[in-house]
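Undergrad: need a 3D model of the following:
(one chain, ligands or ions: 2)
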Amino acid sequence: MRLRVLGCSGGVGQGRLTTSFLIDDDILIDAGSGLGELSLDEMAKIRHIFLTHSHLDHISFLPLLVDSIFERIKEPIIIYGQPATLKGLREHIFNWTIWPDFSELPHPQQPVMRYEEVLPGSVCRIEGRQLELIPVNHIVPTVGYRVESVSGKAFAFSGDTTSNSSFWQALNAHKGLDLLLMEVAFSNSEEELSRIARHYCSSSLATDLVKLKHSPEIYLTHQKPGEEQTIFRECKAAIQDREIKQLKNNLIFQL
Ligand SMILES: [Zn+2]
Ligand SMILES: [Zn+2]
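TA: Ligands and ions are numbered 1, 2, ... in the order given. Okay, here's the model as predicted:
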């Protein structure tokens, strides 16, 4: 299984693209602005899009993707999300005001995209790869994902979240974890804001990482633009028993 980072920033601005990860060539986790880095041919190969939650930085390029490759789509692209996430898309994005309802185009019986409700805790199997939805603690209903390859290697992506137990418990329930893509949006100077917005800051992440029994490679993601270096320094200082790296666009992992 191949994992390619298309975007991993908490915002935009010169080289910063928002969350989107490509698994092999047919599965996408989140559809932020990083998705726009794919060629039309690469976009046309995407069959399954798993969303962590409804926030704009994670869905903003989904409407544009479907429109850009409309003519090339022979089978509907399946959009997976928990009910609240898909409700948000239906009511606020694909509502004929912001964007056409592509789940009815070109024909309601043969659309270019269709919604698939999935519940936190469930596991989706797609040609040998397993995607487990793990509930986390964000300001809207959100899941992280644990993704296991055919060979049994696994990575996890936290989604947007602040301190919680569910994510760590779900990861600990498995035998191993090879790679962890971990959100940390705020520096310690914005600890109060991180609690209100339900994101991690450097210190709350350091506190929670103790709960993880595995020793995966850890990459930080979703930092606020301009705060990357500060957050990275704080996390390195606070988490000395693990190796922490900075996630970057176009990194490719083989699992
Ligand atoms: Zn969010
Ligand atoms: Zn976000």
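
Undergrad: verify the stated contact: Ser202 with Gln229.
TA: No: at 11.8 Å, Ser202 does not count as touching Gln229 under the criterion of CB atoms under 8 Å. Every residue, glycine included, has its C-beta placed from N, CA and C.

Undergrad: and the stretch 51-200 of the chain, which of its residues are near ligand 2?
TA: 57, 160 (CB under 5 Å from the ion).

Undergrad: what ranges do the helices span in the stretch 1-150 of the chain?
TA: Along the stretch 1-150 of the chain, counting by DSSP state H, counting those that start in this stretch, helices occupy 40-44, 56-59, 62-68, 83-92.

Undergrad: report pLDDT for Val66.
TA: pLDDT for Val66: 98.

Undergrad: pull the contacting residues for it.
TA: By CB atoms under 8 Å, 6 or more residues apart in numbering, the residues touching Val66 are 73, 77, 102, 112-113.

Undergrad: repeat for Ile134
TA: Here Ile134 is in contact with 120-121, 143-146, 156, 166-167, 170-171 (CB under 8 Å, 6+ apart).

Undergrad: can you tell me which of those residues end up in strands?
TA: Secondary structure from DSSP state E places 143-146, 156 of those in strands.

Undergrad: of those, closest to ligand 2?
TA: Checking those against ligand 2 by CB to the ion gives Gly144 as the nearest, at 12.1 Å.

Undergrad: burial check on that closest one, number of neighbours?
TA: 29 (other CB atoms under 10 Å).

Undergrad: which non-adjacent residue is nearest it?
TA: Leaving aside its sequence neighbours, Gly144 sits nearest to Gly159 (CB to CB, 6 or more residues apart in numbering; 4.2 Å).

Undergrad: helix or strand for the one you found, which one?
TA: Using DSSP states H and E, no element contains Gly159; it sits outside every helix and strand.

Undergrad: before we move on, back to that, now a PyMOL select for only the buried ones of the contacts of Val66.
TA: In PyMOL, a selection of the buried entries from the contacts of Val66 looks like this (16 or more other CB atoms under 10 Å):
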select buried, resi 73+77+102+112+113
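
Undergrad: would you list the contacts of Val66 in CSV and tack on distance to ligand 1?
TA: Below are the contacts of Val66 laid out as CSV (distance: CB to the ion, whole Å):
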residue, distance to ligand 1
Ile73, 28
Ile77, 22
Phe102, 23
Val112, 26
Met113, 22
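
Undergrad: which of the contacts of Val66 fall within strands?
TA: 77, 113.

Undergrad: the contacts of Val66 into CSV, with extra columns for pLDDT and distance to Gly34?
TA: Formatted as CSV, the contacts of Val66 follow (pLDDT from 0 to 100; distance: CB to CB, whole Å):
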residue, pLDDT, distance to Gly34
Ile73, 94, 21
Ile77, 98, 17
Phe102, 98, 21
Val112, 97, 21
Met113, 98, 19
